[in-house]
Every structure is written in C-alpha cells, then in structure tokens.
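Asks: Output the structure for:
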Amino acid sequence: MLMTMAALIVGVALLTGTDQLEQNSNSAMQNEMRHVIVDLAGRAQAWYHSPVESGGGGRSFDGFTLAKINFDSAGMLGAVSLTNTSANGFRLIGTIHEDANWSFVIDVYPDSYTVVE
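Replies: Presented below is the predicted three-dimensional model:
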C-alpha cells in the first residue's frame, strides 16, 4: 500500500512539473518574440529617420521591407510579417511555431508604436 501511494505521489509530481515546464517555456518564447518585434520597430524607425543617401527611408516608410534593416529570420522561433505598409507606418505581426493561437501585433509609426495584441 505504501509503495502504491509513493508511486502515485511521484506520478502526480512529474505531471505537475512537466506542465509547469511547458508553461514556462511558452511564456519564454512569447517574451522573446515580443522583444524581437519591439527591436524591429526601433530599427525601422531609425531607418525611417535616416536619409535616403545613407540607405534610409528619408522620412517615409514607402518601400520598407525587413530586409532593409538586415532582419534575418533564420533560426527564429516563429515568423514575423509586415503588413499595412504606408508612408506613415506599418504593422508588424510576430507568431511562434509552438502556439498557433498566439501572436504579438504592433502598429509602427515614425516616432512611436502601438501594441495591438
């Protein structure tokens, strides 16, 4: 009886630990994607304010792509997409491969950004 009870307690502890580890892993991936998206927003704003002669946007987001700020998505834990591009702003969307229901969305403007999430 004591052995059965010990096995049951160990089993419950393992399941609880595994669930907690998975939740922490998902949270860490989401935080990392948020950091990547906010970093890209800042780099895009710097590109916007740089003169065209030095490879910047010359105070316009027209023609902006993630390649223009040397963003390399290789090895990323998810995907980053750029939508709604206009001269005054665009939208960045970050998703992670492990959770298809989660995304981080921000609208980027020349001197600010808004989290849409």
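Asks: Tell me the strands beside the helix or strand containing G94, with direction?
Replies: Per DSSP states H and E: G94 is located in strand 89-96. Using DSSP bridges, strand 89-96 pairs in its sheet with strand 78-86 (antiparallel), strand 99-108 (antiparallel).
Asks: Now it: average pLDDT?
Replies: The predicted model assigns strand 89-96 a mean pLDDT of 95.
Asks: CA atoms only for that strand, dumped as CSV, please.
Replies: In CSV, the C-alpha atoms belonging to strand 89-96 read as follows (Å, rounded to 0.1, in the frame of the first residue of the first chain):
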residue,chain,number,x,y,z
GLY,A,89,3.6,53.4,-40.7
PHE,A,90,3.0,49.7,-40.9
ARG,A,91,2.0,46.7,-38.8
LEU,A,92,4.4,44.0,-37.5
ILE,A,93,3.0,40.6,-36.5
GLY,A,94,5.0,38.0,-34.7
THR,A,95,3.9,34.4,-34.2
ILE,A,96,5.6,31.5,-32.6
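Asks: distance between that strand and the chain's centre?
Replies: How far strand 89-96 lies from its chain's middle: 8 Å, per CA atoms, centre = their mean, to the nearest Å.
Asks: And the contacts of that strand?
Replies: Contacts of strand 89-96 from elsewhere in the structure, counted by CB atoms under 8 Å, 6 or more residues apart in numbering, are 29-30, 33-34, 36-37, 40-41, 44, 61, 64, 77-84, 102-110, 116. In short, each C-beta sits where N, CA and C put it, glycine included.
Asks: now swap in stretch 108-117 and tell me
Replies: 38, 41, 44-45, 48-49, 59, 61, 88-92, 103-107.
Asks: most centrally placed residue in the protein?
Replies: Geometric centre of the chain, nearest residue: M33, 2.5 Å, by CA atoms, centre = their mean.
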